[in-house]
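Trainee: here's my sequence, what's the structure:
(one chain, ligands or ions: 1)
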Amino acid sequence: MNQTFLMVEPMMKLRKLVPLLTAVSITALLATVLVVRIGHAEPKPIDGLDAGKVDYSKLHEATSGYTTVDGHHQEHVIAVANTIPARLQPALKGTDFINGCHPWSTKQLGDCPYGTYDPEGWDHDDTVGHQWANSIWISSKAVRAGTASDVVLHEVGHAVAHNLFTDCYFPLQAETSVKNLLMQSFAHPQADPAELLADAFVIAFNTHSRDLHTHYFDDFNFEASKEVILKIRAAVWLCSK
Ligand SMILES: [Zn+2]
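Mentor: Numbers count the residues shown, from 1 in each chain. Reported below is the predicted structural model:
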């Protein structure tokens with residue numbers, strides 16, 4: 001298993017389930033959002049990314065014993081990061097994009113994952129708070145497979161859920177966050193709903209016409225309805241303001 005994407009958030013727990021949005025309120029919300037969104041979808045260059053923040057030599061030291069920072073495809077990873085749609089960028093303030101194998105998730109998997117979103121700076125020894133806190137890691141393997149743009153969108157999906165959806169609420173749903181409502185939409189007996197939600201970002205926001213790389217959807221034979229994809233776009237619009 002070497003095509004897994006992780007989000008490093010081991011302590012994440014789903015809150016207790018609460019009733020879903022009624023069909024009426026979902027329809028009303030989507031109708032509102034669709035009308036407002038038309039004409040606002042153009043990507044623009046990222047200027048908020050701070051690609052120079054991480055000291056690569058120190059990172060090698062901190063993670064000795066593991067292949068971590070690669071860097072051969074760093075420029076490609078940054079170029080792909082610059083194709084991230086503007087409406088997702090509010091989730092990426094100060095986020096570093098690193099070409100390599102994230103130390104914690106590589107240790108967990110016993111292999112280099114295609115991608116990792118790490119809000120806290122986790123190392124292979126379960127210590128946290130390292131200098132790569134708030135980073136997205138894309139492996140050279142993912143780049144060589146031609147999947148970097150989809151893997152980036154998957155990891156950006158984790159960043160959006162973490163940074164924008166946690167304290168955001170749909171109208172008339174004040175007691176349940178957007179994040180928890182969306183997690184309910186991706187409830188699954190085997191799959192992690194956070195991973196299915198991240199894969200749905202690839203479907204909702206991709207800008208190419210190749211086959212999509214959605215590892216968890218493929219693995220669990222999962223399909224997202226058009227309604228839930230629209231709900232994600234609506235949530236991004238609502239929660240990035
Ligand atoms: Zn993931």
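Trainee: now do the helices in this structure.
Mentor: If you assign secondary structure with DSSP state H, the helices in the chain sit at 23-37, 56-62, 74-81, 103-109, 140-144, 148-163, 178-185, 193-205, 215-219, 226-239.
Trainee: out of those helices, deepest packed?
Mentor: Mean neighbour counts were taken over those using mean count of other CB atoms under 10 Å, and the top value, a mean of 26, falls to helix 148-163. Every residue, glycine included, has its C-beta placed from N, CA and C.
Trainee: between that helix and helix 226-239, how big is the angle?
Mentor: Using axes from the mean of the first three to the mean of the last three CA atoms, to 10 degrees, one finds that helix 148-163 and helix 226-239 are set 60 degrees apart in direction.
Trainee: quick one: closest of the helices of the chain to the ion.
Mentor: The ion lies closest to helix 193-205 among the helices of the chain, at 4.5 Å (CB to the ion).
Trainee: helices or strands up against that closest one?
Mentor: If contacts are counted by 3 or more CB pairs under 8 Å, 6 or more residues apart in numbering; DSSP states H and E, helix 193-205 sits against strand 5-7, helix 148-163, helix 178-185, helix 215-219, helix 226-239.
Trainee: circling back to that earlier point, make TSV out of the helices of the chain and add mean pLDDT.
Mentor: Compiled in TSV, the helices of the chain are given as follows (pLDDT from 0 to 100):
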stretch	mean pLDDT
helix 23-37	45
helix 56-62	49
helix 74-81	90
helix 103-109	91
helix 140-144	94
helix 148-163	98
helix 178-185	97
helix 193-205	98
helix 215-219	96
helix 226-239	97
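Trainee: can you redo the helices and strands packed on helix 193-205 as TSV with distance to Y114?
Mentor: Output for the helices and strands packed on helix 193-205, formatted as TSV (distance: least, CB to CB, whole Å):
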stretch	distance to Y114
strand 5-7	6
helix 148-163	5
helix 178-185	22
helix 215-219	7
helix 226-239	21
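Trainee: quick one: closest of these to H73.
Mentor: When these are ranked by distance to H73, counting by CB to CB, first place goes to helix 148-163 at 7.7 Å.
Trainee: how far off centre is that closest one?
Mentor: Counting by CA atoms, centre = their mean, to the nearest Å, helix 148-163 is centred 2 Å from the centre of its parent chain.
Trainee: same deal with stretch 123-132?
Mentor: Taking the mean C-alpha point of stretch 123-132 and that of its whole chain, the gap between them comes to 19 Å (CA atoms, centre = their mean).
Trainee: average model confidence for it?
Mentor: Along stretch 123-132, the predicted confidence averages to a pLDDT of 91.
Trainee: buried sites along it?
Mentor: D123, H124, H130, W132 (16 or more other CB atoms under 10 Å).
Trainee: hmm, the third one is touching P119, no?
Mentor: What it means is H130. No - here H130 lies out of contact with P119, judged by CB atoms under 8 Å, at a distance of 11.9 Å.
Trainee: where's the nearest residue to A161 once chain neighbours are set aside relative to K141, distance?
Mentor: Using CB to CB, 6 or more residues apart in numbering and skipping the chain neighbours, the partner closest in space to A161 is K179 (5.4 Å). Shown here: K179 relative to K141, a distance of 30 Å by CB to CB, to the nearest Å.
Trainee: one more: S135?
Mentor: Separation of S135 from K141 (CB to CB) stands at 18 Å.
Trainee: likewise for V128?
Mentor: To K141, V128 is 25 Å away according to CB to CB.
Trainee: ditto for K231
Mentor: Distance of K231 to K141, given as CB to CB: 32 Å.
Trainee: with D123 instead?
Mentor: When D123 is compared with K141 (using CB to CB), they lie 21 Å apart.
Trainee: could you do E195 as well?
Mentor: Taken as CB to CB, the span from E195 to K141 is 18 Å.
Trainee: and G100, by the same measure?
Mentor: In this structure, G100 and K141 are 11 Å apart, going by CB to CB.
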